[in-house]
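1. Pasting the sequence and the predicted model now:
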Amino acid sequence: MDAGLSFTAWVLRNQARHPGARGELSGLLLHVGLAARAIAHQVAVAPLSNMHGHAGSTNVQGEQQQKLDVLADQHFRGAMAHSGLVATLVSEEMEEPDFLAAGEGAPDAEYTVFYDPLDGSSNIDVNVTVGTIFGIYRHRVADRGRAAELLRPGREQVAAGYVMYGASTTLVLCVGDGPVSGFTLSPSVGEFFLTHADMSMPTIGKTYSVNESRTSAWDKRTQDLVQAFRDGKVPGGARGARYVGSLIADFHRTLLKGGIFMYPGERDRPEGKLRLLYEGAPLAMIAERAGGAATDGRQRILDRQPTKFHERCPLFIGSKLDVEEAMKALA
Ligand code: AHG
Ligand code: MN
Ligand code: MN
């Protein structure tokens with residue numbers, strides 16, 4: 001059986017549509033695919049290779065690193081560095097940006113990649129879906145080493161996406177002004193194949209997704225918003241509750257079925273838990289391109305100007321009408 005259009009063929013077709021393209025972004029995307037395959041393998045065999053559990057270190061967020069966080073970061077960084085196309089890496093697991101030495105990145109490498117190497121770390125040891133999230137920006141070579149120049153709103157991403165290491169390994173991304181496309185890894189062939197062309201998010205959904213154990217930490221407007229979804233007093237009526245605890249799993253379900261995912265700000269952490277540059281912004285690009293929306297409760301996630309690399313932001317993302325409910329309640 002013909003497995004269909006491979007990720008490699010899709011990337012090269014995409015490039016052919018841009019006659020002026022030099023193939024650098026294509027090469028970078030193929031290296032993202034390589035990293036995804038390497039991490040997928042590590043996730044699949046983690047219990048066999050003693051890669052579950054804590055690494056015994058903490059990251060810049062003050063969170064205990066899991067062994068697989070560190071290993072996924074090494075694999076993603078290695079693939080980006082060996083591509084010779086990346087000037088700067090910003091990882092959840094590294095405090096400062098990694099300005100790749102010119103020897104590693106091509107002298108005129110002009111891409112910055114923000115990434116969360118392993119999202120959903122609390123789910124690693126219980127074999128629940130985890131993932132990798134990435135956002136790619138084009139930055140002028142002159143910006144190398146100039147951190148402030150790297151902090152750009154998410155609307156300037158040239159590509160963004162995520163990989164889900166679940167029952168199947170799925171790569172979902174959008175490039176430039178192209179559609180959201182989903183690829184599934186064939187373990188026997190070792191390549192991703194197009195399985196979800198031109199993904200679009202239903203304008204309304206049947207679920208809402210939020211960690212309701214945080215209810216007492218929210219302000220009243222947030223409590224009332226979540227109550228409205230719980231009681232079905234929103235467009236589309238009655239809702240089911242779904243919460244995996246891995247952002248990419250909750251988001252992927254929302255992308256396919258509609259609904260809303262929320263990680264609100266709280267009284268003692270008004271910016272919430274999730275990070276803007278390697279969680280909120282890449283998923284917001286996917287959500288908007290698929291016809292959905294994403295806000296921090298005050299503005300579009302993609303319009304938010306970051307001031308720090310590990311900046312957190314409240315996140316309300318999903319079906320357009322559902323996110324509008326959040327904006328009405330919170331803005
Ligand atoms: P990470 O594992 O990269 O730190 O991300 C975990 C995030 C995200 O995946 C998920 O939506 C959220 O943490 C869950 O947080 P709670 O356990 O507080 O609900
Ligand atoms: Mn994460
Ligand atoms: Mn992570």
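-> Cool, got the structure. Ligands and ions are numbered 1, 2, ... in the order given.

2. Where do the helices of the stretch 201-331 of the chain begin and end?
-> Under the criterion DSSP state H, counting those that start in this stretch, helices of the stretch 201-331 of the chain are mapped to 220-230, 247-257, 281-289, 320-330.

3. if you compare those helices, which one is most tucked away?
-> Highest mean neighbour count among these (mean count of other Cβ atoms under 10 Å): helix 281-289, with a mean of 26. Just so you know, the C-beta spots here come from the backbone N, C-alpha and C atoms, and that holds for glycine as well.

4. and of the helices of the stretch 201-331 of the chain, who's closest to residue 86?
-> helix 281-289 (15.7 Å; Cβ to Cβ).

5. In terms of secondary structure, what does that closest one contact?
-> strand 130-138, strand 157-165, strand 169-175, helix 247-257, strand 293-295, strand 315-318 (3 or more Cβ pairs under 8 Å, 6 or more residues apart in numbering; DSSP states H and E).

6. Report whether that helix contacts ligand 3.
-> No. Using Cβ under 5 Å from the ion, helix 281-289 stays clear of ligand 3, with a minimum separation of 12.6 Å.

7. Name the surrounding residues that touch that helix.
-> The contact list for helix 281-289 (Cβ atoms under 8 Å, 6 or more residues apart in numbering) reads 114, 133-135, 153-155, 157, 160-162, 172-174, 179-180, 201, 247-248, 251, 255, 293-294, 300-302, 304, 315, 317-318.

8. phi, psi of residue 185?
-> phi -80, psi 130 (degrees, to the nearest 10).

9. Might you enumerate the residues of the stretch 51-200 of the chain proximal to ligand 3?
-> Close to ligand 3, as judged by Cβ under 5 Å from the ion, the stretch 51-200 of the chain has residues 92, 116, 118, 119.

10. Excluding covalently adjacent residues, which one is nearest to the third one?
-> The shortest distance from residue 118 to any non-neighbouring residue, by Cβ to Cβ, 6 or more residues apart in numbering, is to residue 72 (4.1 Å).

11. tell me the domain ranges of this structure?
-> Split into domains by automatic domain parsing, the chain comes to 7-198, 207-330.

12. rewinding a little: mind giving me CSV with the residues of the stretch 51-200 of the chain next to ligand 3 and columns for secondary structure, neighbour count and distance to residue 84?
-> Conversion of these to CSV gives the following (DSSP: H, G, I helix; E, B strand; the rest coil; neighbours: other Cβ atoms under 10 Å; distance: Cβ to Cβ, whole Å):
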residue, secondary structure, neighbour count, distance to residue 84
92, coil, 25, 24
116, strand, 28, 23
118, strand, 30, 24
119, strand, 29, 26
